[in-house]
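Student: Sharing a sequence plus its predicted fold:
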Amino acid sequence: MDDTADGIARWRKVADEIRAMIGAAGAGGPDKLPVETELAARFGVNRHTVRRAIAALAAEGLLRPERGRGTFVERRPERIVYPVGARTRFTENVSQNARQAAGRLIGSSREGADRHVAGRLQLAPGAALVRLESLNVADGVPLSVATSWFPAERFPRIVAAYAETGSITKALAAHGVEDYRRRSTRITAERVSHDDAEHLGCAADAIVIVSESANYDADGVPIQFSRSRFLADRVELVFDS
């Protein structure tokens with residue numbers, strides 16, 4: 001049998017058919033796929049092609065093969081609706097979806113500002129910064145990885161404060177910033193990096209929504225520049241008009 005159909009590898013077409021089958025069934029669909037021989041007969045291919053399609057869908061996190069038991073559908077939770085506006089707060093946004101929010105410190109460092117970050121924080125290139133890496137979760141499920149930069153002179157204990165509270169808002173309050181507002185958000189998309197995929201527990205070729213934003217204190221002084229990477233299949237960004 002030819003391994004391609006219409007110029008497309010047969011296993012890819014089978015993977016698309018299985019993905020569509022699962023999507024059409026919806027949340028109330030069966031949790032287990034039919035056996036390989038039944039799928040092979042349905043799609044007119046051999047079992048090897050079915051196995052390769054299942055392996056690809058398992059890498060995406062859509063299926064879970066279990067030896068001796070069969071192949072099961074991984075039911076994904078509904079996307080979290082995440083409003084983006086002047087007062088974007090991770091904990092508040094997640095709580096509005098009836099989920100429990102948490103932030104975890106996964107790395108930090110002191111570094112000099114490059115031209116891009118310096119410009120967003122209105123600092124001179126090379127100015128001392130604190131870089132904070134965090135993993136943001138809802139009900140224990142990873143939603144995003146974020147890199148944040150803060151002026152080191154103003155926020156010398158920001159890493160310790162975040163590690164203790166799991167909240168950027170509370171860590172800023174510990175440095176005297178009771179309120180802050182976002183003035184700009186820039187959105188792009190890209191394939192997840194290797195390190196982010198490890199933290200997010202996603203497929204190596206998953207798509208992430210990248211949000212670059214700057215926050216300002218009540219006096220209009222920049223206090224934080226961040227670059228957040230949201231898993232596209234777990235979060236729906238909604239912008240205030």
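Tutor: Cool, got the structure. Keep in mind the model is a prediction, meaning the values are calculated, not measured.

Student: so how many other residues sit close to the residue nearest to residue 88 when sequence neighbours are not counted?
Tutor: Distance criterion Cβ to Cβ, 6 or more residues apart in numbering; nearest residue to residue 88, sequence neighbours excluded, is residue 182 at 5.4 Å. (C-beta placed from N, C-alpha, C; glycine too.) Number of residues near residue 182 (other Cβ atoms under 10 Å) recorded here: 17.

Student: so residue 182 is in which element?
Tutor: strand 180-191 (DSSP states H and E).

Student: And the next helix or strand past that strand?
Tutor: By DSSP H and E, the next helix or strand past strand 180-191 is helix 194-200.

Student: for that next one, which positions count as buried?
Tutor: Residues of helix 194-200 classed as buried: 196-197, 199-200 (neighbour count, 16 or more other Cβ atoms under 10 Å).

Student: for those, which one is nearest residue 121?
Tutor: For the buried residues of helix 194-200, the minimum distance to residue 121 (Cβ to Cβ) is 23.0 Å, reached by residue 196.

Student: For the closest one, give me the pLDDT.
Tutor: Residue 196 carries a pLDDT value of 94.

Student: what's the answer for residue 235, then?
Tutor: Looking at residue 235, its pLDDT stands at 85.

Student: repeat for the one 4 residues further on
Tutor: Model confidence at residue 239, given as pLDDT, is 84.

Student: Number of residues surrounding the residue nearest to it when sequence neighbours are not counted?
Tutor: Among residues not flanking residue 239 along the chain, residue 84 sits closest, at 5.0 Å (Cβ to Cβ, 6+ apart). The number of residues packed near residue 84 is 15, by other Cβ under 10 Å.

Student: how near is residue 84 to residue 230?
Tutor: 10 Å (Cβ to Cβ, to the nearest Å).

Student: same thing with residue 120?
Tutor: Relative to residue 230, and taking Cβ to Cβ, residue 120 is found at 19 Å.

Student: Please apply the same query to residue 193.
Tutor: Distance from residue 193 to residue 230, counting by Cβ to Cβ: 14 Å.

Student: These two - which one has more neighbours?
Tutor: Per other Cβ under 10 Å, whichever of residue 193 and residue 230 has more neighbours is residue 230, with 25 against 14.

Student: got a pLDDT number for residue 86?
Tutor: pLDDT for residue 86: 77.

Student: Equivalent analysis for residue 129, please.
Tutor: In this prediction, residue 129 carries a pLDDT score of 99.

Student: can you tell me which helix or strand the residue nearest to residue 79 when sequence neighbours are not counted belongs to?
Tutor: Counting by Cβ to Cβ, 6+ apart, residue 236 is the residue found nearest to residue 79 once chain neighbours are left out, at 4.4 Å. Assessed by DSSP H and E, residue 236 sits inside strand 235-239.
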